[in-house]
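Asks: got a sequence here, can you build the structure:
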Amino acid sequence: MTTIHPVYLVGAGPGDPDLLTMKAHRLITSVDVIVYDKLVSAAIMDLAPVGTTRIFAGKQARNHHMPQPDINSLLVDLALSGRKVMRLKGGDPFVFGRGGEEALHLAKNNISFEVIPGITSSAGCAAYAGIPLTHRGLAHGVRFVTGHTQGDNVFDIDWQNLADPDTTLVVYMGLTNIRLISSALIDAGLGGTTPAAIINEGTRSDQKVIITTLVEMPDVVEKTPLSGPTLLIIGKVAGLAHDLAWFHEALDDSAEARS
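Replies: Numbers count the residues shown, from 1 in each chain. The predicted model follows:
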């Protein structure tokens, strides 16, 4: 009789392999199959031993190598084959990682699973950029939103609620709609001079951090082509990056980025 092992839904963090949890690292070196996303860094995948089956599931905004229903079915099929399966996701599986959908599908098919949290991109990238998400006198809270929705419809968000000058706003996957995000927040009352950070390849050796303003943010991105995972942080705390940047000298002013 085939032994059915739990499927491990694992957060890989934002990219730096040193940010993996000990449990995630241990599992990477012991499972039979890793189903991984585009946002999982090559340095992390290199930790898997030779002989581990690697299945690329793709998945970034509006460019899905493997549709979510197919990923769900694949995890069930792999588990039923008796292999030890890891679903490895950038960041944390339960923060804009669709880990909940995969867990529900496994549960409906009577497949047990374990969730291993990862450092979500908002925390990891902000820390490596020198931006505290909350700071006394500048931000008493933080909000996490996704910058795109299913399909091509313009996403419906309560911009009035998000345009709070005393709250930090973190936007995942926001490049595609960055101009809409900027204009909608300004129209809702958030000042155009509000500091904004664009963090590309956060926590990785080629991390790039651009500090600009909410109103200038779309033009900066347009004139500074970016590829790879990019996070937007909007709020007063972004202005602290000039003094608190510690990771490496990758901090650019928007004026320099546009030159």
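Asks: mind checking the backbone torsions on the closest residue to residue 241 other than its chain neighbours?
Replies: With CB to CB, 6 or more residues apart in numbering as the criterion, residue 241 has its nearest non-adjacent residue at 4.6 Å, and that residue is residue 130. Every C-beta, even on glycine, is put in place using the N, C-alpha and C of the backbone. Note on residue 130: its backbone torsions stand at phi 80, psi 30 [degrees, to the nearest 10].
Asks: pLDDT weak spots in the protein?
Replies: Of all residues in the chain, those with pLDDT under 70 make up the ranges 59-64, 149-155, 249-259.
Asks: go again with 50.
Replies: Along the chain, segments meeting pLDDT under 50 span 152, 250-251, 254-255, 257-259.
Asks: can you count the residues close to residue 141?
Replies: Residues lying near residue 141 (other CB atoms under 10 Å) number 12.
Asks: quickly list what it is bridged to.
Replies: Judged by DSSP bridges, the bridge partners of residue 141 are residue 167.
Asks: do I have it right that it meets residue 133?
Replies: No - Residue 141 is beyond contact range of residue 133, at 9.1 Å (criterion: CB atoms under 8 Å).
Asks: mutual contacts of these two, please.
Replies: Shared contacts of residue 141 and residue 133, defined by CB atoms under 8 Å, 6 or more residues apart in numbering, are found at residue 168.
Asks: surely the residue nearest to residue 241 and residue 244 touch.
Replies: Yes - counting by CB under 8 Å, residue 130 touches residue 244, with 3.4 Å between them.
Asks: more crowded one of the two?
Replies: Between residue 130 and residue 244, counted using other CB under 10 Å, the more crowded position is residue 130 (20 against 15).
Asks: against residue 247, how distant is that one?
Replies: 7 Å (CB to CB, to the nearest Å).
Asks: just residue 187 next, same as before
Replies: Using CB to CB, we find residue 187 at a distance of 34 Å from residue 247.
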